[in-house]
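Trainee: what shape does this take:
(4 chains)
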Number of protein chains: 2
Amino acid sequence: MNIKDIAKISGVGISTVSRVLNNSGVVSDTTRAKVLAVVKQYNYVPNSNARNLKKTQSNMIALMVKGISNPFFGNMMKEVERQVHLRGYPLMIQHVEDGVDEIAAAMQLIKEKNLCGIIFMGGTYDHSEEEFRQLGVPFVLTTITTLKDVDPSVYSSVSIDDVQSAYRATNYLISLGHRNICFLARFPFKENTIGSRRLLGYKKALEEHGIEYDPALVEDCEYAPSSGFAAAKRLMNKNLGITAMFSASDAIAIGTAKAVLSSGLSIPGDISIVGFDGIEMAEYYHPSLDTISQPGVEMAHVSIEILFDLIGGETANRHVVFESMLVKRGSSRKIN
Amino acid sequence: MNIKDIAKISGVGISTVSRVLNNSGVVSDTTRAKVLAVVKQYNYVPNSNARNLKKTQSNMIALMVKGISNPFFGNMMKEVERQVHLRGYPLMIQHVEDGVDEIAAAMQLIKEKNLCGIIFMGGTYDHSEEEFRQLGVPFVLTTITTLKDVDPSVYSSVSIDDVQSAYRATNYLISLGHRNICFLARFPFKENTIGSRRLLGYKKALEEHGIEYDPALVEDCEYAPSSGFAAAKRLMNKNLGITAMFSASDAIAIGTAKAVLSSGLSIPGDISIVGFDGIEMAEYYHPSLDTISQPGVEMAHVSIEILFDLIGGETANRHVVFESMLVKRGSSRKIN
DNA sequence: TTACTTAATCGAATCGTTTCGATACACATC
DNA sequence: GATGTGTATCGAAACGATTCGATTAAGTAA
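Mentor: The predicted structure follows:
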């Protein structure tokens, strides 16, 4: 079943069928109805390969996501999917494996499939301005604030202020009297990661309060409970007198909480816990975990709005920074 | 940059370039090297729209997933992605929104994009044999055991035995002396859901031990902590003397655990908790939650193997049923 | 009547591949 | 020299859509 068959059966020309299907050009109401009836009867769906080939640009949007099993991204992905489909565009979710360069992967996809837009979710970006320029299609970076040595006019972004957010969390713990606060995050070799940016905020808060930064209090760990658990155990074994643990994700924080509780210590009696993200699982942990909450769904929503503005011809890139929120649920307490 | 340009620059014919790129037909070593050099120099990537159009079949695999934010599926998705890319095929992850018919959505995609294979993950399937037949491309259903009124030779599946697994969990609780065991799962209107199948196992265990089935002990709830929390609260307010809660997912179980603990009751002192899936977050809950663990990654792996066998020409559909495992971590206890 | 406008429709050309039948050349065989 | 057999290559014809210039019919103005 192709457009030719539909044209023949409906008794009209090929281009008329095309115009009916695309709502382009003029078609009389009777002809339109006739064609649509045949389309419906035969359950005809236009071949998108042919369509995209001719148009030299498809209407496919790609979502490149690093860390697809992260529940925080899960909710964002759902919203992206919903918004894109609402606009009648197909979405391709592409998982970028750890260690794979997301920009290079995107470049390949663009050439192969004539993408019309890309959302980058998670991942690390230490690429040159030239590399971003070469993409050649509208794109939005979510969950990353600023890129080093890249002119902001070259890309759009939707994020929270990671430095400021980590600063606020650390400040909060300090204000409760904590001095020995450890920090857990993922630090790959690349520079521009959320982990490294949150570390900056952590350091800034310490510095402002005259607390010396101790690298022994910082642990590298994956964004997963098991990894957080192991890292917290390592930290506790160092006997540094830690009274608070701040993690760069709730998944890590859950692991640290387990490490504390399973050692016979109490939260927040012995150790205070603060996470990051605002996932449901942390709220329903016992005790409920304090966290820096990100408005993930709204961020996804705005990312799509920006992307479609760009696709629609808007030339100015935009940068939206959302407010994160310190959510106090009782896993931190004031100490002497 | 298209194949014509590459041909011209390399000084060979169009079809020769095509043969080099597809490793089909004979090409002399010198010509091959010449062409590949040009391809590399210009960073040429063949247009997949044109390729798929000509071949009337693409090599795209689609993963249709319902419940994309479920961390259990997250890990399975990662494995599917890994395996598909390992074989050099592109993967398209398609989130199916709640209430959308996954088979109809797949049908659309097949016509549109000439898919060469589909993995269905999650979702409910009460479709007719005819509907599955009409798909016309190889496909594998994961996480569903058997389809009502559909000949098993029509589809492939990879799953655990949901009835048996729920039976085992319920049996375990009964063996610990529990009589008032509640069950929480999602029961949409469709019949063939994992929730309804697990309910069968739950009922079977009760029956075998002469415990009367009480519908008041069964609550409908989403696969999320918040929903499990609310459902558990509702159950507790009924004052039915519940001593154990069995949930059809760990996400729900985490919600029920929170409901118990935040009421001032203890786990497993007052109420025993058993979940389902085996996600990390449940292991790192405090206390660690007992669960029926599914080998998600292996299931994903085998699904892909079956799919590629079918794509490779294998005509016989297969049904693989994995063993689930009752994991005891201490959130259940023996009562009088 | 003629000229001009407008609305509705048509089909050829095109997008960038793959593939198949044809071709060209070298070398062996008779 | 005629014929046959590989080997390496070529280009035209699809695949199924969109689009643009051409065409037809009907209506309107002069």
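Trainee: would you check that A:Gln164 makes contact with A:Arg198?
Mentor: No. The pair A:Gln164 and A:Arg198 fails to qualify as a contact (Cβ atoms under 8 Å) at a distance of 9.9 Å. All C-beta spots, glycine's among them, are computed from the backbone N, C-alpha and C.
Trainee: A:Met107 is in contact with A:Gln134, correct?
Mentor: Yes. Under the criterion of Cβ under 8 Å, A:Gln134 is in contact with A:Met107, at a separation of 6.8 Å.
Trainee: measure stretch A:143-151 end to end?
Mentor: According to Cα to Cα, to the nearest Å, stretch A:143-151 extends 18 Å from its N-terminal end residue to its C-terminal end residue.
Trainee: ok, stretch A:171-190 next?
Mentor: 27 Å.
Trainee: any buried residues in that stretch, and which?
Mentor: A:171-174, A:176, A:178-179, A:181-186 (16 or more other Cβ atoms under 10 Å in any protein chain shown).
Trainee: again with stretch A:10-29
Mentor: Of the residues in stretch A:10-29, those buried under the neighbour-count criterion (16+ other Cβ under 10 Å) are A:Ser10, A:Val12, A:Thr16, A:Val17, A:Ser18, A:Arg19, A:Val20, A:Leu21, A:Val27.
Trainee: that stretch and DNA strand C, are they touching?
Mentor: Yes. Contact of stretch A:10-29 with DNA strand C (Cβ under 7 Å from any atom of the strand) involves A:Gly11, A:Val12, A:Gly13, A:Ile14, A:Ser15, A:Thr16, A:Arg19, A:Gly25, A:Val26, A:Val27, A:Ser28.
Trainee: how far does stretch A:301-309 sit from its chain's centre?
Mentor: Between the centre of stretch A:301-309 and the centre of its chain there are 13 Å (Cα atoms, centre = their mean, to the nearest Å).
Trainee: any residue of that stretch touching chain B?
Mentor: No. Using Cβ under 8 Å from any Cβ of the partner chain, stretch A:301-309 stays clear of chain B, with a minimum separation of 14.0 Å.
Trainee: buried set for that stretch?
Mentor: Of the residues in stretch A:301-309, those buried under the neighbour-count criterion (16+ other Cβ under 10 Å) are A:His301, A:Val302, A:Ser303, A:Ile304, A:Ile306, A:Leu307, A:Phe308, A:Asp309.
Trainee: from A:Ile6, how far out is the closest residue to DNA strand C within the stretch 51-200 of chain A?
Mentor: Here the stretch 51-200 of chain A gets closest to DNA strand C at one residue, A:Lys54, 3.5 Å apart by Cβ to the nearest atom of the strand. Note on A:Lys54: its distance to A:Ile6, by Cβ to Cβ, to the nearest Å, is 17 Å.
Trainee: the two: which has the busier surroundings?
Mentor: Neighbour count, other Cβ atoms under 10 Å in any protein chain shown: between A:Lys54 and A:Ile6, A:Ile6 has more, with 23 against 12.
Trainee: which residue packs closest to that one, ignoring adjacent ones?
Mentor: Here the nearest residue to A:Ile6 in space, its sequence neighbours aside, is A:Val17; by Cβ to Cβ, 6 or more residues apart in numbering or on different chains that works out to 5.1 Å.
Trainee: what about A:Gln134 and A:Met107, which has more around it?
Mentor: For A:Gln134 versus A:Met107, neighbours defined as other Cβ under 10 Å are more numerous around A:Met107 (19 against 13).
Trainee: got the contact list for the more buried one?
Mentor: A:Met107 is in contact with A:Gln134, A:Leu135, counting by Cβ atoms under 8 Å, 6 or more residues apart in numbering or on different chains.
Trainee: what residues are up against the residue of the stretch 201-336 of chain A found nearest DNA strand C?
Mentor: The nearest approach of the stretch 201-336 of chain A to DNA strand C comes at A:Ile311, 20.1 Å away (Cβ to the nearest atom of the strand). With Cβ under 8 Å, 6+ apart as the criterion, the residues that contact A:Ile311 are A:Cys116, A:Gly117, A:Pro138.
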